[in-house]
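# Prediction below, plus the sequence it came from.
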Amino acid sequence: MLLTNDAAVIKDGIENLQNVDKNVIEEYLDALIPKVLNFALSVVLAALLYVIGQRVIGFVRKILRRSLERRDVDIGVRQFLDSVVKWLLYLFLCLMILTIFGITTASVVAVLGSAGLTLGLALQGSLANFAGGVLILLLKPFHVGDYIIAHSTGNEGTVKEISAFYTKILTFDNRTVMIPNGKLADGAITNVTGQQTRRVDLLVDISYDADIRKAKELIAGLVADDPRILPEEETDIFVSELGESSVKLGCRFWVNTDDYWGTRWDMLERIKYTFDGHGIEIPYQKLDVQVQEPGSAHERNAQDKK
């Protein structure tokens, strides 16, 4: 009889424990389901806000670009402001998305403030590039469309875009190079196309036996016949140096910057053909080789002894 009572007690205990477990699980599920639904709703709202925000940002940037174009603002300034506005608007959009998940703007600002030193050290390169972009726009060492040589990086090409952090250039062989604005602002830059005109400097060697006056007259005729050479600018044809094996003639004239390389290459080719046609030698290094027959030196020494 005692065993029967103990079994009943154990059975009642197991049933009560199962009921407790069921109640705990039901309560947990009842509390979890609304949280899951709220989180799923937040994700949907965040995705919807991001899509709408992207369209709004594109619309605002489009209005900004049109407004700057109507005011005839420099294209580099337009690109820089467009890049800055883009980053600021996306930052604002991210803050709005965080508020959907219950993260307040004040909390974000507080975290950024407390981590300001760390962020400053981590982003010092980006901040330097941003400051460099501002200096480029203020000092205007080059504009979009100019051909520049960045001596600090060894890159050169045509400037295609000046953004908030990088300047995009296109090289002669059609490669796109992104140069940090900080390096451009701190380093030496050569703006090849910064001026409308450019001087061409040529050096040509002629033989000491050649007629210098005739050679200078031929070069002067070639300069006068080329329509790309600016007649209003000064042209100089002179003896630059008396070398060890040649006379160096110099020629300087001015052309429009866009015509620089074409005129230079054509003029060198025409000088070569013209000098060949008039018997003016352009000297080059020569090596005379004398071949002696075997034993000839020994025979000469024997004859000398006799």
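Looks like it arrived, so ask away.
# Which parts of the chain are helices?
2-70, 75-100, 105-114, 116-122, 124-139, 181-186, 212-225, 260-277, 296-305 (DSSP state H).
# Go ahead and name everything in contact with the shortest one.
Around helix 181-186, the neighbours that count as contacts under C-beta atoms under 8 Å, 6 or more residues apart in numbering are 125, 128-133, 135-136, 141, 150, 152-153, 162, 164-167. Where you see a C-beta, it was placed from the backbone N, CA and C, and this is true even at glycine.
# could you redo the last one with a cut-off of 6 Å?
128, 129, 132, 133, 135, 136, 152, 153, 167 (C-beta atoms under 6 Å, 6 or more residues apart in numbering).
# Please name the spatially closest residue to the most centrally placed residue in the chain (chain neighbours excluded).
In the chain, the centroid-proximal residue (C-alpha atoms, centre = their mean) is residue 178; its distance is 2.7 Å. Nearest non-adjacent residue to residue 178, counting by C-beta to C-beta, 6 or more residues apart in numbering: residue 166, 4.6 Å away.
# do residue 77 as well
residue 137 (5.6 Å).
# And residue 235, by the same measure?
residue 253 (4.5 Å).
# And for residue 155?
Using C-beta to C-beta, 6+ apart, the closest residue to residue 155 is residue 177 (4.9 Å).
# Next one: the one you found from residue 135, what distance?
Computed as C-beta to C-beta, to the nearest Å, the residue 177 to residue 135 distance reads 20 Å.
# Could you list the low-confidence segments of this structure?
1-32, 104-123, 286-306 (pLDDT under 70).
# How about the closest residue to residue 204 other than its chain neighbours: which residues does it bridge to?
For residue 204, ignoring the flanking residues on the chain, the nearest one in space by C-beta to C-beta, 6+ apart is residue 249 at 4.9 Å. In this entry, residue 249 is beta-bridged to residue 204, residue 239, by DSSP bridges.
# Quick check: residue 249 touching residue 202?
No - applying C-beta atoms under 6 Å as the test, residue 249 and residue 202 come out as separate, 8.4 Å apart.
# okay, those two: which has more neighbours?
residue 249 (22 against 17; other C-beta atoms under 10 Å).
# Wait, the residue nearest to residue 155 touches residue 169, no?
Yes - contact status for residue 177 versus residue 169: in contact at 5.1 Å, counting by C-beta under 6 Å.
# which of those two has more neighbours?
residue 169 (25 against 16).
# ok, that one to residue 155 distance?
Residue 169 is 7 Å from residue 155, by C-beta to C-beta.
# overlap in contacts of those two?
residue 177.
# residues of stretch 82-95 that come out buried?
Neighbour-count burial for stretch 82-95, counted by 16 or more other C-beta atoms under 10 Å, picks out 82, 83, 84, 85, 86, 89, 93.
# outside of it, which residues touch it?
By C-beta under 6 Å, 6+ apart, stretch 82-95 touches 53, 57, 61, 64, 105, 163, 164.
# Out of those, give me the two with the largest separation.
105 and 163 (27.1 Å; C-beta to C-beta).
# Give me the distance from stretch 255-267 to the chain's centre.
26 Å (C-alpha atoms, centre = their mean, to the nearest Å).
# If you could redo that for stretch 251-259, that was the one I meant.
The answer for stretch 251-259 is 28 Å, by C-alpha atoms, centre = their mean.
# Show me which residues of that stretch are buried.
Buried, per 16+ other C-beta under 10 Å, within stretch 251-259: 251, 253, 254, 255, 259.
# Mark which of the residues you listed are part of strands, please.
251, 253, 254, 255 (DSSP state E).
# ok, of the residues you listed, which one's closest to residue 97?
residue 255 (56.8 Å).
# doesn't residue 263 make contact with that closest one?
Yes - contact criterion C-beta under 6 Å: residue 255 and residue 263 qualify, at 4.8 Å.
# Now do the shared contacts for these two.
residue 228.
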